[in-house]
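Peer 1: A predicted structure for the sequence below; I have some questions about it.
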Amino acid sequence: MLLIRSSLRRPFSVGQRLVFLAGVGALLFGAARVGGAQEPEAKPFTAYSNSARTLRDSLVALARAQIGTPYKRGGETPGRGFDCSGLVQYVMEALSFELPRTARLQARSGVAVQRDTSQLLPGDLLTFAKTKKSAVSHVGIYVGDGRFVHASSVAGRVIESPVQRPVSPLIKSWRGARRLLVGEPDSVAVPAKER
């Protein structure tokens, strides 16, 4: 017990807390099974996967709750408005994910995942740029079903849009996706050569 208490002095990230709690649960579950009737073998990390799904649902709900908030360059709060990276930072920090402030830096957070809506999970960050070769200049939060929430300077507010949109001078090109909640059984990381 002393070892556990000494390690808890330093705050854990959300992901570390989930892994720790899943490990403790597995130990307790295993101890409860010893000497008792044998139950069917549970899938490894089931508790972690369920917790991760709940966390993703919370990210989506919080992002959607900001829809309609006015766009404001440099905005970081619902009361003063959001720009794209301010919205993402606000939603993620509400659930203990620390992110840098700008879209360009947020595009380096977490791990890269395939730019394919069938591989995305709710809560993944989507990155956009003016062209396929220019630097990332826009970011949003994937909410499922091929849609994402973002603070749009064109619309003048936080909106929900389809990821696959028609080409237009006002619409930035989808550059990639980043996963902050990693280590899940259903996570699909992009090989380094494809990043």
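Peer 2: Yep, that arrived.
Peer 1: show the pLDDT at P169.
Peer 2: pLDDT recorded at P169 is 87.
Peer 1: which stretch of helix or strand covers R115?
Peer 2: Take DSSP states H and E as the rule and R115 turns out to sit in neither a helix nor a strand.
Peer 1: for the spatially closest residue to E76 that is not a sequence neighbour, the count of nearby residues, please.
Peer 2: Nearest residue to E76 in three dimensions, chain neighbours excluded: G86, at 4.0 Å (Cβ to Cβ, 6 or more residues apart in numbering). Backbone N, C-alpha and C define where each C-beta goes, glycine included. G86 has 23 neighbours, counted by other Cβ atoms under 10 Å.
Peer 1: how about R80?
Peer 2: 12.
Peer 1: for it, give its distance to K72.
Peer 2: According to Cβ to Cβ, to the nearest Å, R80 and K72 sit 6 Å apart.
Peer 1: quick revisit: now the residue nearest to E76: phi and psi?
Peer 2: phi -60, psi -40 (degrees, to the nearest 10).
Peer 1: state the distance from it to T77.
Peer 2: As judged by Cβ to Cβ, G86 and T77 stand 8 Å apart.
Peer 1: could you do A107 as well?
Peer 2: Look at A107 and T77: by Cβ to Cβ, they are 22 Å apart.
Peer 1: got it, and W174?
Peer 2: 27 Å.
Peer 1: for this structure, just list every one of the helices.
Peer 2: Along the chain, counting by DSSP state H, helices occupy 2-7, 14-33, 46-65, 84-94, 103-106.
Peer 1: among these, show the one with the smallest mean pLDDT.
Peer 2: helix 2-7 (a mean of 31).
Peer 1: right, and A129 touches G176 too?
Peer 2: No: contact between A129 and G176 fails when scored by Cβ atoms under 8 Å: they sit 9.3 Å apart.
Peer 1: between these two, what contacts are shared?
Peer 2: The contact sets of A129 and G176 overlap at V136 (Cβ atoms under 8 Å, 6 or more residues apart in numbering).
Peer 1: leaving out the residues flanking it, which one is nearest to S152?
Peer 2: Of all residues not flanking S152 in the chain, I159 sits nearest, at 5.2 Å (Cβ to Cβ, 6+ apart).
Peer 1: no more questions from me, cheers.
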